[in-house]
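Q: Next comes the sequence, and after it the predicted model I'd like to discuss.
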Amino acid sequence: MSLFDLTGKTALLTGASRGMGLAMATALADHGATVVISARGQDALDEAAAGINARGKGKAYAFAANVGEKAQLEELVTKARNHAGPIDILFGNAGVNPHYGPTMEIPDAAYEKTMSANVQSNLWLARLCAPDMAERGGGSMVFTSSIGAFKSTEVLGTYGVSKLALIGLVRNLATELGPSGIRVNALCPGLVRTEFARALWDNPEAEARAKKDIPLRRLGEADDFEGIAVFLASGASTYMTGQALTVCGGSSMWA
C-alpha cells in the first residue's frame, strides 16, 4: 500500500468540479493527499470540495479560475500554496472545445481559445508548479490529452490538434524537468460519459457504436480514471515519464 500512499502530498487539479477531474481528485484525497480543485464556477467547486471532505480522508480546498487567463492561474497557484503547502502533484485536466465542425472553417478566435486553454495554460501551470517540486526533490505532472490526438475527424479536428500538441509539450517537459526528479505524463481518454462529452455519447448511435467498436463493449465512466490518477501521482509510477497513456476500453490500443 505504501506505493500508493499520498499522505503529506499536495495536489492541484484543474477542471475538477465534476466528471473525470472530480473523480481523480477524490481518489487522490482518499489516498491521503491534500487536494486543491479548480474550475470556473465557485459554487460547483464548493459542493465538490464538501463532498471530498465529508469522506474524512484527505483535505480539499476549492478556488475558481479560468485556465485561459494567465493571471488567474498565477493567483490559483498562490492560493493553493498558501492554503495547502508546496505543490507535489499537478493535474491539468481543464479543456475546451468551442468549435464543432471542419478545421478549415474554425474562426480565429475559437482556434486561439482552443490552443490557449488546451496547451498554453498547461505550460503556464508547469512553470508555476515546477519550482515547488524541484525544491522537494521531485513531483508528478499529468495533463489530460485525448485519443483524438491520434486520429483525424471532420468535426473535432482542432480539438485533436490541440491534444496532439499537448502530448508534444508533455514530452518536452519530461525531458527538461527530468533532471529535477519531476515526471510528466499525459492521459488520453477515449469517449467518457461526462457532461463535457455529452454531445458525443448521449444518443442511440453512440451506444451502438460502443458495443461494436470498443473491446470492453462500453463507454468510459469518470471513475475509470481514479486508479490511473493515483498510479501516476504516487511512487508506484516513479520511473515513468514522457508517456501518453490511452485509457479507452481498447478502442485505441495501437495508437
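A: Arrived safely.
Q: okay, CA-based contacts and neighbour counts for the rest of this
A: OK.
Q: Now the spatially most central residue of the chain. Its backbone dihedrals?
A: Residue closest to the mean C-alpha point of the chain, counted by CA atoms, centre = their mean, is residue 93 at 2.4 Å. Backbone dihedrals for residue 93, given as degrees, to the nearest 10, come out at phi -110, psi -20.
Q: Equivalent analysis for residue 244, please.
A: With angles defined as degrees, to the nearest 10, residue 244 shows backbone torsions of phi -120, psi 100.
Q: Which positions in stretch 132-141 come out as buried?
A: By 16 or more other CA atoms under 10 Å, the buried positions in stretch 132-141 come out as 132, 133, 134, 138, 139, 140, 141.
Q: Neighbours of the residue nearest to residue 21 when sequence neighbours are not counted, how many?
A: Counting by CA to CA, 6 or more residues apart in numbering, residue 21 lies nearest to residue 15, which is 5.6 Å off, once chain neighbours are set aside. Taking other CA atoms under 10 Å as the criterion, the count of residues near residue 15 is 24.
Q: picking that back up, please tell me I have it right and the residue nearest to the centre of the chain contacts residue 146.
A: No. Because the distance of 10.7 Å does not satisfy CA atoms under 8 Å, residue 93 is recorded as not touching residue 146.
Q: where does this protein dip in pLDDT?
A: Under the criterion pLDDT under 70, the flagged ranges of the chain are 1, 194-202, 255.
Q: Could you pull out the helices in it for me?
A: Applying DSSP state H to the chain gives helices spanning 19-30, 42-54, 70-84, 108-115, 121-135, 157-177, 198-201, 204-213, 226-233.
Q: Would you mark the buried spots in the second one?
A: Same thing as helix 42-54. Taking 16+ other CA under 10 Å as the basis for neighbour counts, the residues of helix 42-54 that come out buried are 44, 45, 46, 48, 49, 52, 53.
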